[in-house]
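>>> Starting from these lines, generate the structure:
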Amino acid sequence: MTPLRPERGRQAMGTHTSGEITLSVVVPMFNEEAVIPAFVARLRPVLDGLDVPYEVVAVDDGSRDGTVALLTEQSREWPQLRTIRLRRNSGHQAALTAGLHRSRGAWVVSLDADLQDPPETISEMLRLARAGAHVVYGVRVDRSTDTIFKRHTARAYYRLMRRVVGAEVPAQAGDFRMISREVVETLRRLPERTPVYRLLVPALGFPSAEVRYVRAARVAGETKYPLPKMVALAWDSVANFSAAPLRLATWLGAVSFLGCLVLIAFGLVAHLRGVTIPGWTSTFVAVLLLGGVQLVCLGLLGEYVGRIYATVQSRPTFHIGADSLDADEVAADPDAADAPSPRQPAVVTGG
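So this is what the prediction gives:
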């Protein structure tokens, strides 16, 4: 059995070495069959025009349509296109994590396939990165193509996050960004189970810059962030970066206790004056109020305890089923098929 060559091992772990790939573009995909042709036709000329070694890491998040087949077909004509398949649908942030962990470039861009964020902006991002920025955010200055509901909820979300995390969170900056290899490796070392990168990256404090653009309409297909997923993202954002819900439980308990004291004092005064009216309504209202507050507090505590339990279990947040790069390397070097590949573990932990 031929031993694994050192240089292959370094590439397998996703680290960048001099003279290799300059830019990686990570693209999470879930049921994007309708988008892929337009996405490839628009992204490839941009990357070819940069005149740097690059790769496109398309992460299939358990799609149930022809996404994987189309990616495989496109990769025959576009050798820089890699396909990573997750064994099940793990969510956008988990798919993004898988792509970041498998990327090999000195700079890594995260980009959605729907073309709402323009790939043409990547050249400006790379210019700013080379000028010294470790993080370059894509900031949306016009969201008129979104629905009124989406615009207002997004504005409320970023306003809340700036209060929770701090003013360093760029307003209207989603997951379209460029980060350096140093930032990627820092993110890999963090013990985050449910990372929210639009908040986690600014919290690291690396030097940053912004590229502003007009957000376009989705070219095809349906949005992958309906209301339930937006609510889940907002909750993860708050729970991951703030203990405010726990403090809210404390304040609710204090207010309810003060309310009970006021009701006791009112009842005693009414009894002494002989104006009490017997009845069950007030009793039931008090019991239900206190019971509701207690249940809310227990629910909030349980949510945090559940996150601690999930962290202790250390279960992976995503499972990689296949990486097209592995097949390419085996084809180029048949002896490598007999060697254990550190880049292809059976289970990859996304935290």
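>>> My guess is residue 174 contacts residue 116. True?
No: with contact taken as C-beta atoms under 8 Å, residue 174 and residue 116 are classed as non-touching, separated by 9.1 Å. The C-beta positions use only the backbone N, C-alpha and C, and glycine is treated the same way.
>>> Following the chain onward from the one helix or strand residue 59 maps to, which element is next?
Under the criterion DSSP states H and E, the helix or strand holding residue 59 is strand 54-60. Next in sequence after strand 54-60, counting helices and strands by DSSP H and E, comes helix 67-77.
>>> ranges for the strands of the stretch 1-150 of the chain?
23-29, 54-60, 81-86, 107-110, 135-142 (DSSP state E, counting those that start in this stretch).
>>> and residue 73, which of these is closest to it?
With respect to residue 73, and counting by C-beta to C-beta, the nearest of these is strand 81-86 at 10.1 Å.
>>> Walk me through which strands that closest one pairs with, and which way each runs.
The strands that strand 81-86 pairs with in its sheet are strand 54-60 (parallel), strand 320-323 (antiparallel) (by DSSP bridges).
>>> in the last one, what counts as buried?
Just to be clear, that refers to strand 320-323. Applying a neighbour-count criterion of 16 or more other C-beta atoms under 10 Å, the buried positions in strand 320-323 are 320, 323.
>>> Return the residues in contact with residue 68.
Counting by C-beta atoms under 8 Å, 6 or more residues apart in numbering, residue 68 makes contact with 60, 83, 85.
>>> ok so, going back, now render the strands paired with strand 81-86 as JSON lines, adding mean pLDDT.
Converted to JSON lines, the strands paired with strand 81-86 look like this (pLDDT from 0 to 100):
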{"stretch": "strand 54-60", "mean pLDDT": "96"}
{"stretch": "strand 320-323", "mean pLDDT": "72"}
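>>> Out of these, which is closest to residue 261?
Shortest separation from residue 261 across the strands paired with strand 81-86 is recorded for strand 54-60, at 56.1 Å, computed as C-beta to C-beta.
>>> Helix 67-77 and the closest one, what's the angle between them?
Orientation check (axes from the mean of the first three to the mean of the last three C-alpha atoms, to 10 degrees): strand 54-60 against helix 67-77 gives 160 degrees.
>>> Start at 211, not 1
OK, 211 is where the count begins now, so the last one is strand 264-270.
>>> just the angle between strand 264-270 and strand 233-239, please?
Going by the same axes, to 10 degrees, strand 264-270 is angled at 20 degrees with respect to strand 233-239.
>>> Contacts for strand 264-270, please.
Residues lying outside strand 264-270 but in contact with it, judged by C-beta under 8 Å, 6+ apart, are 231-240, 253, 257, 277-278, 281, 288, 290-296, 305-306, 308-309, 312-315, 323.
>>> Now with 6 Å, please.
Contacts of strand 264-270 from elsewhere in the structure, counted by C-beta atoms under 6 Å, 6 or more residues apart in numbering, are 231, 233-239, 257, 277-278, 281, 290-295, 305, 308-309, 312-313.
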